[in-house]
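Novice: this is a predicted model, with the sequence first.
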Amino acid sequence: MAVRTPEPTVAGLPAAAAPSRTRSARFPADLDLWVPGVLFGLIALACFLLPMIPSLPGPNDGSLSEALQPLFSPGHVLGTDPLGNDILSRLLHGGQTSLIVGFCTNVAGIVIGGFIGILAGFKGGLIDATIMRVLDVFMAFPALVLAIVVATYLGPSLPNLVGTLTIVTVPMYARIARATTLKQREHVYISAARVAGQRDLAILFRHIAPNAAAPVLTASLLAFGVVIVVEATLSFLGLGIPPPDPTWGNMIARGQSNLSTDPALVLIPRSCPQSHIRRVARSIMA
């Protein structure tokens, strides 16, 4: 008499039903990633595409006769600031600045910090100890305090702002790259590459760097949102990009004097996509 094998089950359900349960369980996590990701993508596209509309005023083309127009005024959807400049135009141009600063800072931080971290982890010994102690000095200061000190010394400008934020982000990327390299250098394929006669530089770029890229790029998403917040803070303090060029930080600084009468001047640039970026990063890292 044939013995019937019980149908495999997953958590008490037939195996055939398990995939649908898995997909439904994963659906909220997918929403945590895609909803802020799509919102951030739309905001980024708007910052770069909408300023091309001919009917949109320039960010510094206002007049005092149109100062402090309310929301949904004719020709000014988000109103105007105390100088009569269109808030929507300044918001979009300020978004371009923040996104460019965030992108350039992260690229520079990944390249410099990644190379330093990979070199320290691969070489070890005195080189590793020296590099990590120098990075520890930078990490001993809170990121915002270090950024304020460097920005005060360099002065307010776009290149100086990118340089300041790069100095702040390099230690983080270097530590992540070093930790990954310490794991990778013990693998068999590194020993095989040495036996095959490959030089250290070739091993670094052909084998170590590609494997260290994934955790570094994932961390860059979280750092992107932090960089935008720090950039806005420096601009708010007058240490970022100087007026009249708009940034979200100096828009908040200019609007704080009218906070009680026209809070939109502060709330509109404050509600830009830093939180969306952070939620995307947390969802990926989870």
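Specialist: It's in.
Novice: the residue most central in space within the chain sits in which helix or strand?
Specialist: For the chain, the residue nearest the mean C-alpha position is Phe224 (0.7 Å; CA atoms, centre = their mean). Phe224 belongs to helix 209-236 when assigned by DSSP states H and E.
Novice: state the mean pLDDT of that helix.
Specialist: On average, the pLDDT along helix 209-236 is 84.
Novice: buried sites along it?
Specialist: Using 16 or more other CB atoms under 10 Å as the test for burial, helix 209-236 gives 209, 212, 216, 219-236. Quick note: C-beta positions are derived from backbone N, CA and C, even for glycine.
Novice: which stretches of this structure form helices?
Specialist: Taking DSSP state H as the criterion, the chain contains helices spanning 18-49, 87-123, 125-139, 143-154, 158-184, 188-195, 200-203, 209-236, 248-255, 264-270, 274-285.
Novice: quick one: average confidence on the fifth one?
Specialist: Spelled out, that is helix 158-184. Computed over helix 158-184, the average pLDDT equals 90.
Novice: repeat that for the last one.
Specialist: Helix 274-285 carries an average pLDDT of 49.
Novice: likewise for the longest one?
Specialist: Along helix 87-123, the predicted confidence averages to a pLDDT of 90.
Novice: and it, what does it pack onto?
Specialist: Packing partners of helix 87-123 (3 or more CB pairs under 8 Å, 6 or more residues apart in numbering; DSSP states H and E): helix 18-49, helix 125-139, helix 158-184, helix 209-236, helix 248-255, helix 264-270.
Novice: then the second one to PDB, C-alphas only?
Specialist: When you say that, I think you mean helix 125-139. C-alpha atoms of helix 125-139 as PDB (Å, rounded to 0.1, in the frame of the first residue of the first chain):
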ATOM      1  CA  GLY A 125      49.900  47.900   9.900                       C
ATOM      2  CA  LEU A 126      51.300  51.400  10.300                       C
ATOM      3  CA  ILE A 127      49.500  52.700   7.300                       C
ATOM      4  CA  ASP A 128      46.100  51.600   8.600                       C
ATOM      5  CA  ALA A 129      46.800  52.900  12.100                       C
ATOM      6  CA  THR A 130      48.000  56.300  10.900                       C
ATOM      7  CA  ILE A 131      45.000  56.800   8.500                       C
ATOM      8  CA  MET A 132      42.400  55.700  11.100                       C
ATOM      9  CA  ARG A 133      43.900  57.900  13.900                       C
ATOM     10  CA  VAL A 134      43.700  60.900  11.600                       C
ATOM     11  CA  LEU A 135      40.100  60.100  10.700                       C
ATOM     12  CA  ASP A 136      39.300  59.600  14.400                       C
ATOM     13  CA  VAL A 137      40.400  63.200  15.000                       C
ATOM     14  CA  PHE A 138      37.800  64.400  12.400                       C
ATOM     15  CA  MET A 139      35.100  62.100  13.800                       C
END
